[in-house]
Each structure stands twice: as C-alpha cells, then as structure tokens.
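Colleague: one predicted model, sequence on top.
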Amino acid sequence: MLNIILFGPPGAGKGTQSEKIIDKYKLTHIATGDLFRKHLGEGTDLGKLAQKYMDEGNLVPDEVVIGMVDERIKETKASSYGYIFDGFPRTVPQAKALDTLLEEKGEKIAGMIALDVPEEELKKRIKERGKTSGRTDDQDEAKIENRIKVYQEETLPVANYYDGEGKYVKIHGVGSIDEIFDKISSEIDKLK
C-alpha cells in the first residue's frame, strides 16, 4: 500500500492536488475535517466525545482524532490501494501516533509531499478562494495571517519530524495545476 501525507500551509493547493492524486493513484482520502463532520453528523461515540471537548472550548485530543482515523482505515482497508492524509497530522504527537497506528496494521507512511508556496502568494490564493467559496475566513486579512502563523508555529514541525525520518519531499507549489501535479507524481512514483 502507498500511504502519503500531502502537506502545506493554507492556500498551498492541497485540496486541488489531492483530487488529482486520488484519481491517478486510487488512494483513499483521509481528511480530519471530513471525519469530524461525519462523526458529529452521525452522532457516533467519537463524535459525541469530540463535541464535548469543542463545547468546552478545548481542542479535541489526539486520541479521539486518531480513533477517527483508525475507524476510517478499518472501513476502507479491503478496497484501498493506500491513503492520502490531508490536513493530518497537524502536530508531532499526531505524526508519532499515526506511525504507531500504521505499524500495528503492518503499514507505514511512504512519504510526506510538502507544497512550498511563498506567503504573499498564499494570501492572494486564499482571498481569491474566498470570493468564490463564500468562506468569510478566506476574506479576512487578519484571519488569513493568523492561519498562516498557526501553521508555521504549530504544524511546520511535523515536516521536520518526517524530514528526520527521511520521508520529506518539498515541491515548489507555484505554477499551473498540471505542472505542480507532474512534480508531485514524479515524487510519488519514486515512493511506490
């Protein structure tokens, strides 16, 4: 199985590229945002537990998030050629927990592909997306800057973790969608 992490700051193009990767490599998409919506919407035990933390204004603990990821893997393992993790892991403890979870299943992360985009380009892309998506947080300069800052301070260390494991590849994320996808595909083909 091919298990990869698509990584990058808000506005780097992860959503766009994920779709193309899924189509080409037949990977199962695991995005924690989707998992949260599913569990909350269905009122599962994990969803209720997550809701309890959110209602208290707290972050959902890693164990709950990992539980959701584990359940998704169990649901799709028989039909999957591998997984693309999008928006997860966000912290080094989550990365270590994911590695442990996969090891228990005889699997591992083949690599992390990071989209590298200059900050000014990120801001421009997010604002453009905000015009068409209706997301108000994509139109607010202060919120955009805060999301990039949180990424740099809290999420970027995950890249250092996978770099230390020899599993990190940085791709210049500026150019046409197809040009960037060709670079990503070239790196994924090396991981197979």
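Modeller: Right, received. Where do you want to start?

Colleague: what's the neighbour count on residue 152?
Modeller: Neighbourhood size, residue 152 [other CB atoms under 10 Å]: 12. In this view, the C-beta of every residue, glycine as well, is placed from N, C-alpha and C.

Colleague: do you know how far it is from residue 180?
Modeller: Distance from residue 152 to residue 180, counting by CB to CB, to the nearest Å: 21 Å.

Colleague: then residue 92?
Modeller: From residue 92 to residue 180 the distance is 27 Å (CB to CB).

Colleague: of these two, which one has the most company?
Modeller: Each of residue 92 and residue 180 has its neighbours counted (other CB under 10 Å); residue 180 has more, 21 against 15.

Colleague: and that one, what element?
Modeller: Per DSSP states H and E: residue 180 is located in helix 177-191.

Colleague: what's that helix packed up against?
Modeller: Judged by 3 or more CB pairs under 8 Å, 6 or more residues apart in numbering; DSSP states H and E, helix 177-191 is in contact with strand 2-7, helix 14-25, strand 111-116, strand 168-172.

Colleague: what angle sits between that helix and strand 2-7?
Modeller: Inter-element angle recorded for helix 177-191 and strand 2-7: 140 degrees (by axes from the mean of the first three to the mean of the last three CA atoms, to 10 degrees).

Colleague: could you check the angle strand 168-172 makes with helix 177-191?
Modeller: Going by the same axes, to 10 degrees, helix 177-191 is angled at 160 degrees with respect to strand 168-172.

Colleague: how about the CA coordinates for helix 177-191, as PDB?
Modeller: The C-alpha coordinates for helix 177-191 follow below in PDB (Å, rounded to 0.1, in the frame of the first residue of the first chain):
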ATOM      1  CA  ILE A 177      -2.100  23.000 -11.600                       C
ATOM      2  CA  ASP A 178      -0.800  20.400 -14.100                       C
ATOM      3  CA  GLU A 179       2.900  21.500 -13.700                       C
ATOM      4  CA  ILE A 180       2.700  21.100 -10.000                       C
ATOM      5  CA  PHE A 181       0.800  17.800 -10.300                       C
ATOM      6  CA  ASP A 182       3.600  16.500 -12.600                       C
ATOM      7  CA  LYS A 183       6.200  17.300 -10.000                       C
ATOM      8  CA  ILE A 184       4.100  15.600  -7.300                       C
ATOM      9  CA  SER A 185       3.500  12.500  -9.500                       C
ATOM     10  CA  SER A 186       7.200  12.200 -10.200                       C
ATOM     11  CA  GLU A 187       7.900  12.100  -6.400                       C
ATOM     12  CA  ILE A 188       5.100   9.700  -5.700                       C
ATOM     13  CA  ASP A 189       6.300   7.300  -8.400                       C
ATOM     14  CA  LYS A 190       9.700   7.200  -6.600                       C
ATOM     15  CA  LEU A 191       7.900   6.200  -3.400                       C
END
